[in-house]
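In: Kindly generate the corresponding structure for this input.
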Amino acid sequence: MTICLAPGGAAGVIAGLVLAVAGLPLIGAAAFVLATAVIALWLWHRAPGVLIRSLGASLSDEWEHPRLHNLVDGLCATMGLPRPTVCVVDSPVPNAMAVGRDPDSASLVVTSGLECSLTLVELEGALAHELVHIKRQDTAAAGVAVVVAAPVAALIGLGKATEWVHALIGQGRELSADQRASAVVRYPPGIASALDTMVSGEHAGSPWPPGRGRLAALTRWLWIDPMVGAQAGDPTAGNLDDTRVRSAALALD
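Out: Modelled structure (predicted):
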């Protein structure tokens, strides 16, 4: 809610000051409250859907991806979670992310390449990782942070705005989700194996991120493999959320 209130508050201050200077201080105060509330509520309720649409994700039917849905159902039963909406993005790059205000409204987004590229135990590990984000309600800040950062990116550039998103949602959250997920799955080494498969380079050169526009470009740190498309000398390489670092950390457990 703090992230939601910031842009609303900024717009409210501007509107309030303009009206106050015009000699309408009471109306200016009302405008501040109204603008703050309306923009914050819009972000809270609409940000996840806006983000999913920006990625070009579509609803997945069980008959299309039976293995995927079967694993999600089993993991949700184990973790005590309501079943999230499952969406698929058409991309050969194996990756996944989760967004939503809370577990009851969460959406699990996977690329078409995730199911094709991973073995059963690897896929279970990747899905468990994303369901941990839903369980911990990491998803609440994730979608809002990306939508709020989009206009900021026009001023400071995509690179800095992407790192701003990373700071807002919490550095180290991917490693933490790996560790929590390893306590849920039947074969914990499958998570590290899934990460190794993602960074194997088999799909190097495939377009990434999916979707077009600034919003899609700002989702980097929401994906289970945020290092897709990273170039040599990337300043974020080696941090706690680097896919290779997480794989090595899991191997030590």
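In: make it CA atoms for all contacts and neighbour counts henceforth
Out: Fine.
In: Okay, domains of the protein per the record?
Out: 2-52, 58-252 (automatic domain parsing).
In: can I get the ones you listed in JSON lines with mean neighbour count and mean pLDDT?
Out: What follows is those, written out as JSON lines (neighbours: other Cα atoms under 10 Å; pLDDT from 0 to 100):
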{"stretch": "domain 2-52", "mean neighbour count": "18", "mean pLDDT": "75"}
{"stretch": "domain 58-252", "mean neighbour count": "19", "mean pLDDT": "92"}
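In: Can you report phi and psi for the residue most central in space within the chain?
Out: Geometric centre of the chain, nearest residue: residue 222, 3.0 Å, by Cα atoms, centre = their mean. Per-residue torsions, residue 222: phi -90, psi -20 (degrees, to the nearest 10).
In: right, and it touches residue 141 too?
Out: No: using Cα atoms under 8 Å, residue 222 is not in contact with residue 141, being 10.3 Å away.
In: can you pull the contacts of the residue nearest to the centre of the chain?
Out: By Cα atoms under 8 Å, 6 or more residues apart in numbering, residue 222 lies in contact with 97, 98, 142.
In: now do residue 226
Out: Counting by Cα under 8 Å, 6+ apart, residue 226 has contacts 220, 241, 242, 243.
In: Now do the strands in the stretch 1-150 of the chain.
Out: Here the stretch 1-150 of the chain has its strands, by DSSP state E, counting those that start in this stretch, at 58-59, 85-89, 96-99, 107-111.
In: Among these, which comes closest to residue 35?
Out: Among these, strand 96-99 comes nearest to residue 35, with 25.1 Å by Cα to Cα.
In: That closest one: partners in the sheet, and parallel or antiparallel?
Out: The pairing partners recorded for strand 96-99 under DSSP bridges are strand 107-111 (antiparallel).
In: Dump the contacts of residue 226 into CSV; add secondary structure as well.
Out: CSV is the format used below for the contacts of residue 226 (DSSP: H, G, I helix; E, B strand; the rest coil):
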residue, secondary structure
220, helix
241, coil
242, coil
243, helix
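In: From the residues you listed, pick the one nearest residue 60.
Out: Residue 60 lies nearest to residue 220 out of these, by Cα to Cα, at 22.4 Å.
In: quick one: the closest one and residue 162 touch, right?
Out: Yes: Residue 220 lies in contact with residue 162 (Cα under 8 Å); the separation is 7.1 Å.
In: any idea which helix is longest in the protein?
Out: helix 25-54 (DSSP state H).
In: residues in contact with residue 191?
Out: Residue 191 neighbours (Cα under 8 Å, 6+ apart): 121, 122, 124, 125, 126, 178, 182, 247.
In: ok, back up a step: now the strands of the stretch 1-150 of the chain as TSV including distance to residue 167?
Out: Below are those laid out as TSV (distance: least, Cα to Cα, whole Å):
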stretch	distance to residue 167
strand 58-59	29
strand 85-89	26
strand 96-99	17
strand 107-111	22
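In: what's the closest of the ones you listed to residue 169?
Out: Among those, strand 96-99 sits nearest to residue 169 (Cα to Cα), with 11.8 Å.
In: Could you give the separation of the closest one from the chain centroid?
Out: Here the centre of strand 96-99 is set off from its chain's centre by 5 Å, with Cα atoms, centre = their mean, to the nearest Å.
In: Helices along the stretch 151-253 of the chain, start to end?
Out: Shown for the stretch 151-253 of the chain, the helices assigned by DSSP state H, counting those that start in this stretch span residues 158-169, 173-181, 189-198, 214-217, 243-252.
In: which one of those helices lies closest to residue 150?
Out: Smallest distance to residue 150 across these (Cα to Cα): 6.0 Å, for helix 214-217.
In: Contacts for that closest one, please.
Out: 51, 54, 55, 146, 147, 150, 153, 158, 162, 209, 210.
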